[in-house]
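> Provide a 3D model corresponding to the input given below.
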Amino acid sequence: MNNMIKNRPKTESLILVPIYNEQKHIFNVLREIRKYSPEDLLVINDGSTDESRDIIEEIASCAKLKGKLIIINHSENEGYGKSLIDGINFARDNNYRYLLTLDCDEQHEPELIPQFFEEIKKEEFEIVSGSRYLSFQKQIDTPPEDRYTINRKITGLINEITGYGITDSFCGFKVYRMEDLKKLELTEKGYGLPLQLWIQAYKNNLTVKELLVSMIYKDKNRTFGNYLDNPEKRLAYYQKIIDSEVKKCLIY
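Prediction:
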């Protein structure tokens with residue numbers, strides 16, 4: 001872990017970007033984030049095997065980003081969920097008030113960051129979550145069929161349990177009030193972490209608002225890199241997480 005906060009003013013909010021083998025997108029994403037937000041930026045490199053780490057460290061050396069770009073490097077790939085958990089813990093330990101997360105594959109538009117912060121700072125909701133399905137007005141691309149189908153099924157199940165009425169249970173573009181997020185005990189290291197989060201958020205009476213985000217798929221052939229590439233196994237994995245969390249929370 002390097003570039004930690006030491007004896008310097010920090011911003012009220014932290015932006016978290018988990019990265020795994022995103023050498024094609026890192027520069028554009030970080031440049032756009034800085035264009036639209038001056039908040040502290042935490043990049044978690046989850047054991048990338050491409051040039052991601054070198055690119056991140058080169059960007060961090062830029063004078064304009066000195067002390068504003070914080071880097072955590074995992075020595076090996078630990079999982080998307082683990083990167084989010086580490087980011088949440090960092091935000092908690094350094095007393096940030098708000099935490100915004102977005103992915104590094106250029107699916108999320110940094111120009112929306114101010115809108116997300118504006119909504120969360122109204123103090124009306126504990127979570128503001130992006131949705132690609134709130135409306136189809138911003139449908140730039142068509143989602144892969146299996147991802148769309150699984151999202152619909154899992155989102156429906158989450159709504160049955162929580163009553164949230166959300167339209168997109170997997171969008172990684174979110175902003176949280178840390179005072180409330182730190183109540184959750186998140187442990188899922190994989191892509192299913194958002195499902196654990198929704199169940200625990202409901203259990204802890206957290207409220208949610210969705211904001212419309214564009215549906216963008218830069219690489220429709222992108223894979224999960226393991227057995228989750230099989231849609232049936234991926235759906236079973238997600239359902240297992242939900243079942244486990246429901247039993248643990250003694251709800252439904």
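> so where do the strands sit in the stretch 101-250 of the chain?
For the stretch 101-250 of the chain, applying DSSP state E, counting those that start in this stretch gives strands covering 127-131, 174-177, 208-212.
> got the CA positions of the second one in PDB?
Output of strand 174-177 as PDB, limited to C-alpha atoms (Å, rounded to 0.1, in the frame of the first residue of the first chain):
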ATOM      1  CA  LYS A 174     -22.900   4.300  -6.400                       C
ATOM      2  CA  VAL A 175     -22.300   6.800  -3.600                       C
ATOM      3  CA  TYR A 176     -22.800   6.000   0.100                       C
ATOM      4  CA  ARG A 177     -23.000   7.900   3.300                       C
END
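> what's next to stretch 27-37, contact-wise?
15, 17, 22, 41, 43, 55, 59, 64-65, 69, 102, 104, 106, 109-111, 113-114, 117 (CB atoms under 8 Å, 6 or more residues apart in numbering). Quick note: C-beta positions are derived from backbone N, CA and C, even for glycine.
> switch to 6 Å and redo it
The contact list for stretch 27-37 (CB atoms under 6 Å, 6 or more residues apart in numbering) reads 59, 104, 110-111, 113.
> now that stretch: how far from the chain's centre is it?
Centre-to-centre, stretch 27-37 and its host chain are 16 Å apart (CA atoms, centre = their mean, to the nearest Å).
> Could you point out which residue ranges in this protein have low pLDDT?
1-9, 63-67, 137-138, 140, 220, 250-252 (pLDDT under 70).
> how much space is there between the residue most central in space within the chain and R234?
Residue closest to the mean C-alpha point of the chain, counted by CA atoms, centre = their mean, is G172 at 3.6 Å. According to CB to CB, to the nearest Å, G172 stands 16 Å off from R234.
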